[in-house]
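Undergrad: Predicted structure and sequence below. I'll ask about it afterward.
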Amino acid sequence: MTCGSKPALMDTTFADVDAKPAAAWGAVFSMALCVAMLIASEFMPVSLLTPMAEGLHATEGQTGQAISISGLFAVAASLLITTAAGKLNRKWVLVAMTAFMLLSLVLVAAAPNFAVLMIGRALLGICIGGFWALATAVIMRLVPESDVPRALALMYGGQAIAAAFAAPVGSYLGGMFGWREVFWALTPIVAVNLVWHVVALPSLPARRRQDFRTMFDLLTRPYFLRGLIASMLSWGSAFTMFTYLRPFLEQVTGADVTVLSVLLLVLGCAGFVGTWASGRFLSGSVASLLRLPALSMGGCTLGLLLLGGSVIAAGVFFAIWGAMNTAMSVIWMTWLSQNADDAPEAAGSLMVAAIQASILLGAVVGGLLLDSMSISATFIGSLVLAGVGIALIGNGRRLLKPARRAEQDDAGRFHANPTSPEIGDAHEHP
């Protein structure tokens with residue numbers, strides 16, 4: 001992208017305006033496919049843990065550590081990517097992240113030993129953290145502001161697809177052909193996605209030099225810090241419960257492998273409803289919706305504690321939880337796009353690091369409660385986190401930046417007294 005009116009000596013990687021079409025939906029779909037492949041690559045090993053451990057002559061615990069190491073590298077990458085990328089065109093940064101994913105899959109599929117598997121998973125973690133840190137900021141540049149919630153919903157549709165089918169398909173194909181072949185099967189899809197990025201993504205020059213000072217500046221804003229902590233509590237609550245669904249279903253619901261697979265498929269497929277509803281109905285300020293994920297998913301956790309012995313009741317709660325799980329991502333990332341629009345990349349880095357850290361910590365806390373007490377204690381711990389998150393969010397107003405809070409107040413006064421001349425003047429002369 002070039003700006004003819006700017007001096008020739010200006011660094012062409014920076015721009016004040018975006019040379020993009022009204023809406024680059026092809027690029028949005030390309031990013032949705034990338035999300036699906038990221039989620040599949042990250043969580044596919046969960047359904048292949050035992051054969052992977054046997055094939056690499058390692059214990060299941062060691063192999064589980066290799067799987068979780070991607071989360072650690074994702075936290076680091078999300079915090080470093082915008083600074084490390086510097087003046088690089090964001091299109092090529094996303095292409096590089098996808099190339100890392102492709103290399104990771106090759107290393108894992110061909111891994112002769114445990115060490116190579118660890119390297120492959122670490123590379124995947126860099127891709128996960130780097131991609132998600134930039135994703136919302138890129139979406140904001142691909143479509144008009146009014147279309148951002150719909151574009152985010154489309155992108156997170158890839159998450160719903162992977163969540164619904166990655167584990168059962170991976171388990172089935174792994175049993176038929178072997179775990180290595182499952183990872184090899186993903187490589188041509190990621191290669192196609194890599195080419196699609198190159199073709200569909202417009203040039204996305206860096207708008208400004210990023211550094212850690214931008215992140216620290218965001219953390220000094222009370223509304224943003226409050227939102228960041230609330231989002232961590234929401235995700236921490238969700239994954240404290242989600243990570244240990246299987247032992248709950250086995251011990252409390254009494255589900256066998258078939259029922260377990262069906263219930264998990266219900267949960268995954270419900271994610272499509274969540275992404276569709278988010279794209280269809282989400283518009284304007286999301287302040288009033290920020291507490292909805294923790295409230296709904298916490299309610300499902302409470303319902304499982306009370307009625308989890310019934311397969312039908314568990315299925316209903318799973319469907320609600322699965323729909324809200326994908327909606328939660330769209331709601332919070334829309335909040336980010338509206339309230340950190342002056343530094344979306346830095347905000348995305350902090351948000352992704354916070355989410356990844358809360359998922360890891362939630363799994364650790366849930367595991368400690370499970371080992372030391374019971375599966376019910378794990379679910380109660382999830383409820384406590386949800387309750388604290390809901391209390392912190394309140395009506396969402398304190399999570400808005402001052403300008404948006406003022407707009408919301410003006411809108412409230414206008415609806416209360418639409419004939420007020422002062423309100424009319426305020427709208428005519430912003």
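TA: Received it, and whenever you're ready, just let me know what you need. Residues are numbered from 1 along each chain as shown.
Undergrad: For Ala27, give its distance to Cys34.
TA: For Ala27, the distance to Cys34 (C-beta to C-beta, to the nearest Å) stands at 10 Å. From N, CA and C alone the C-beta is placed, and that goes for glycine too.
Undergrad: just checking, what packs against the strand or helix carrying Ala36?
TA: Following DSSP states H and E, one finds Ala36 within helix 25-43. The contact analysis (3 or more C-beta pairs under 8 Å, 6 or more residues apart in numbering; DSSP states H and E) places helix 25-43 against helix 90-110, helix 114-142, helix 148-177, helix 179-200.
Undergrad: what sits against Lys321?
TA: If you look again at residue 321, you'll see it is Trp, not Lys. Residues in contact with Trp321, defined by C-beta atoms under 8 Å, 6 or more residues apart in numbering, are Phe242, Leu267, Ala270, Ser296, Met297, Cys300, Thr301.
Undergrad: Now the helix holding Ala36: buried residues?
TA: In terms of neighbour count (16 or more other C-beta atoms under 10 Å), helix 25-43 has its buried residues at 25, 27-43.
Undergrad: now the helices for the stretch 251-400 of the chain?
TA: 257-281, 292-307, 311-339, 344-372, 375-393 (DSSP state H, counting those that start in this stretch).
Undergrad: wait, which of these is closest to Gly71?
TA: helix 344-372 (5.1 Å; C-beta to C-beta).
Undergrad: now for that closest one, which elements pack on it?
TA: helix 60-85, helix 114-142, helix 212-219, helix 222-242, helix 311-339, helix 375-393.
Undergrad: closest one to Leu152 among those helices?
TA: When the helices and strands packed on helix 344-372 are compared for distance to Leu152 using C-beta to C-beta, the nearest one is helix 311-339, at 4.9 Å.
Undergrad: Okay, buried residues for that closest one please.
TA: 314-315, 317-339.
Undergrad: Could you give the separation of that helix from the chain centroid?
TA: On the basis of C-alpha atoms, centre = their mean, to the nearest Å, helix 311-339 sits 11 Å off its chain's mean C-alpha point.
Undergrad: Could you check the angle that helix makes with helix 212-219?
TA: Here the directions of helix 311-339 and helix 212-219 differ by 110 degrees (axes from the mean of the first three to the mean of the last three C-alpha atoms, to 10 degrees).
Undergrad: Averaged pLDDT, helix 311-339. What do you get?
TA: The pLDDT scores in helix 311-339 average 87.
Undergrad: Report the mean per-residue pLDDT for stretch 108-125.
TA: 88.
Undergrad: In it, which residues are buried?
TA: Of all the residues in stretch 108-125, those buried under the rule 16+ other C-beta under 10 Å are 108-109, 111, 114, 117-125.
Undergrad: low-scoring pLDDT stretches of the stretch 301-430 of the chain, where are they?
TA: 406-430 (pLDDT under 70).
Undergrad: can we see that at 50?
TA: Under the criterion pLDDT under 50, the flagged ranges of the stretch 301-430 of the chain are 420-430.
Undergrad: Quick check: the spatially most central residue of the chain vs Phe43, distance?
TA: Centroid-nearest residue in the chain, with C-alpha atoms, centre = their mean: Ser329, separated by 5.5 Å. Separation of Ser329 from Phe43 (C-beta to C-beta) stands at 15 Å.
Undergrad: same question, Leu102
TA: 18 Å.
Undergrad: correct me, but Ala74 touches Val352?
TA: Yes. Between Ala74 and Val352 there is a contact under C-beta atoms under 8 Å: 7.3 Å.
Undergrad: which residues do those two both contact?
TA: Shared contacts of Ala74 and Val352 (C-beta under 8 Å, 6+ apart): Gly129, Trp132.
Undergrad: which of these two has more neighbours?
TA: Ala74 (30 against 26; other C-beta atoms under 10 Å).
Undergrad: Let me see the contact set for the residue nearest to that one when sequence neighbours are not counted.
TA: Leaving aside its sequence neighbours, Ala74 sits nearest to Gly129 (C-beta to C-beta, 6 or more residues apart in numbering; 3.7 Å). Gly129 makes contact with Phe73, Ala74, Val75, Ala76, Ala77, Ser78, Leu79, Ile81, Val352, Ala353, Gln356, according to C-beta under 8 Å, 6+ apart.
Undergrad: The same query, at a cut-off of 10 Å, please.
TA: 70-81, 97, 349, 352-353, 356 (C-beta atoms under 10 Å, 6 or more residues apart in numbering).
Undergrad: if you average pLDDT over the next helix or strand after the helix holding Ala36, what comes out?
TA: With elements assigned by DSSP H and E, the helix or strand that comes after helix 25-43 is helix 49-55. Average pLDDT, helix 49-55: 75.
Undergrad: So which elements touch helix 49-55?
TA: Under the contact criterion of 3 or more C-beta pairs under 10 Å, 6 or more residues apart in numbering; DSSP states H and E, helix 49-55 touches helix 60-85, helix 114-142, helix 148-177, helix 179-200.
Undergrad: could you dump stretch 375-395 to CSV, C-alpha only?
TA: In CSV, the C-alpha atoms belonging to stretch 375-395 read as follows (Å, rounded to 0.1, in the frame of the first residue of the first chain):
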residue,chain,number,x,y,z
ILE,A,375,-14.9,-33.4,41.1
SER,A,376,-17.7,-31.4,42.8
ALA,A,377,-15.1,-29.2,44.5
THR,A,378,-13.6,-28.5,41.0
PHE,A,379,-17.0,-27.4,39.8
ILE,A,380,-17.6,-25.3,42.9
GLY,A,381,-14.3,-23.6,42.3
SER,A,382,-15.5,-22.7,38.8
LEU,A,383,-18.6,-21.2,40.2
VAL,A,384,-16.6,-19.1,42.6
LEU,A,385,-14.6,-17.6,39.8
ALA,A,386,-17.7,-16.9,37.8
GLY,A,387,-19.3,-15.2,40.7
VAL,A,388,-16.3,-12.9,41.3
GLY,A,389,-16.3,-12.1,37.6
ILE,A,390,-20.0,-11.2,37.5
ALA,A,391,-19.6,-9.0,40.5
LEU,A,392,-16.6,-7.2,39.0
ILE,A,393,-18.4,-6.6,35.7
GLY,A,394,-21.6,-5.4,37.2
ASN,A,395,-23.7,-3.7,34.5
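Undergrad: how about that stretch: buried residues?
TA: 375-376, 378-383, 385-386, 388-390, 392-393.
Undergrad: The residue lying closest to Leu361 once chain neighbours are set aside: neighbouring residues, count only.
TA: Leaving aside its sequence neighbours, Leu361 sits nearest to Gly236 (C-beta to C-beta, 6+ apart; 6.2 Å). Neighbour count of Gly236, defined by other C-beta under 10 Å: 28.
Undergrad: Could I get the contacting residues of Gly236?
TA: 294, 354-355, 357-363, 365-366, 381-382, 385-386, 388-389.
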